[in-house]
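Student: Next one to model:
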Amino acid sequence: LRARVGGEVTRLLDAMAPLGKCDFVEKFAQRLPIFTLCEMLGVPAEDRERFIGWIHFLELAQQVAAEQIEQLAGLSEPSPQIAAFIELFNKNVGEMFEYGRDMLAKRRADPRDDLMSAIANAEVEGERLPGEYLDGAWLLIVFAGNDTTRNSLSGAMKLFTEHPEQKARLQADDGLLTNAVHEITRMVSPVIYMRRTATRDVELNGQMIAEGEKVIMYYGAANRDPAMFPDPDRFDITRANAEKNIAFGYGPHICIGRMTAQVQLEEAYRQIFQRFPDIRWSGGIDIAPNNFVHALRRLEVEFTPERQARAA
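Tutor: Below you'll find the predicted structure:
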């Protein structure tokens, strides 16, 4: 997979090379994770562009839900624009689920060496997973398999621009790349929180939590806990315990895509800094209205076009 990811990074950077400036999300960060995800799932090349649109609508799910709640609270009719958007939202998300169901059915009938075949034919206590579990697995993989890596790629570009001394250290020694990715995911923490329900009464650090109460953990707070990470707001690609971050979870439920994300970030920044050593965030940014993931929809970058740099 690393070799295929490396080849796709090269192809995407080839398209960026003559531009000198672009939206890093559009040209690179949203495309690499979708390529990798589709390679793992076994999605045909001609269908992959559809995933970009589906991800866009999934990111707006909270915004759609909030608008619907506001309308219900005010007992008002939705505006034509909102009604049209909600219809388009439902159509796209419906298409995404239908595609997943169709693909899972094909993999049950004709298994291949890909992730979709593994999910479609997985068994628990001798029985295959029912439809609602397959729907849930499909949604999770499409969203989580793309969004976190995309936002880490974009977040890293912002971090390296804000901390040029760290960028210079990495450019001087690409042996720091693996640890740099750990520090990037610690600082970016692309998933904002996760919520669970207490199954029994418990006391945690002097705080009583009752059975049935909702408990929320904020990844950004954990990853900047001064008891674990000294000077936690400092971006340091040589931080000794950067790998201790929990951006991808911890223990038996750690994200199964963690190593895939690591490969993508390493391959991306190894090639980006080799080919565009002066690449930088130019200030343009658009963050999606979402409190569950830190979703960067646009990040403007500037760099010396490759041909011009070679001539110089």
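Student: And the residue nearest the centre of this structure?
Tutor: Closest residue to the average C-alpha location of the chain: Thr148 at 1.6 Å, with C-alpha atoms, centre = their mean.
Student: For that residue, what is the enclosing helix or strand?
Tutor: Secondary structure from DSSP states H and E places Thr148 in helix 131-162.
Student: Also Phe57?
Tutor: In this structure, Phe57 is located in helix 49-59 according to DSSP H and E.
Student: quick one, that helix and helix 131-162 angle?
Tutor: Going by axes from the mean of the first three to the mean of the last three C-alpha atoms, to 10 degrees, helix 49-59 is angled at 90 degrees with respect to helix 131-162.
Student: and helix 49-59, what other elements does it pack with?
Tutor: helix 31-41, helix 80-109, helix 131-162 (3 or more C-beta pairs under 8 Å, 6 or more residues apart in numbering; DSSP states H and E). Where C-beta positions appear, they are placed from N, C-alpha and C, glycine not excepted.
Student: let's go with 6 Å and repeat that
Tutor: Under the contact definition 3 or more C-beta pairs under 6 Å, 6 or more residues apart in numbering; DSSP states H and E, helix 49-59 sits against helix 80-109.
Student: one step back: I'd like to know which elements the helix holding Thr148 is packed against.
Tutor: helix 31-41, helix 177-188, helix 258-275, strand 280-287, strand 296-302.
Student: List the buried residues in it.
Tutor: Buried residues in helix 131-162, defined by neighbour count with 16 or more other C-beta atoms under 10 Å: 134, 137-139, 141-161.
Student: related to what we said a few turns ago, ok, residues contacting the helix holding Phe57?
Tutor: For helix 49-59, the external contacting residues (C-beta atoms under 6 Å, 6 or more residues apart in numbering) are 34, 89, 92-93, 96, 143, 146, 288, 290, 295.
Student: lowest-confidence stretch among the helices and strands packed on helix 131-162?
Tutor: Least confident of the helices and strands packed on helix 131-162, judged by mean pLDDT, is helix 31-41 with a mean of 91.
Student: Give me the helices and strands touching that one, please.
Tutor: Going by 3+ C-beta pairs under 6 Å, 6+ apart, helix 31-41 lies up against helix 2-16, helix 115-120, helix 131-162.
Student: any idea of the mean pLDDT in the shortest one?
Tutor: Helix 115-120 shows an average pLDDT of 89 in the prediction.
Student: The next helix-or-strand element following it pairs with which strands, parallel or anti?
Tutor: Once the chain leaves helix 115-120, the next helix or strand it forms, by DSSP H and E, is strand 123-124. With DSSP bridges as the test, strand 123-124 is paired with strand 127-128 (antiparallel).
Student: how about a markdown table for the helices and strands packed on helix 131-162, with mean neighbour count added?
Tutor: Shown next, in a markdown table, are the helices and strands packed on helix 131-162 (neighbours: other C-beta atoms under 10 Å):
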| stretch | mean neighbour count |
| --- | --- |
| helix 31-41 | 22 |
| helix 177-188 | 23 |
| helix 258-275 | 19 |
| strand 280-287 | 14 |
| strand 296-302 | 21 |
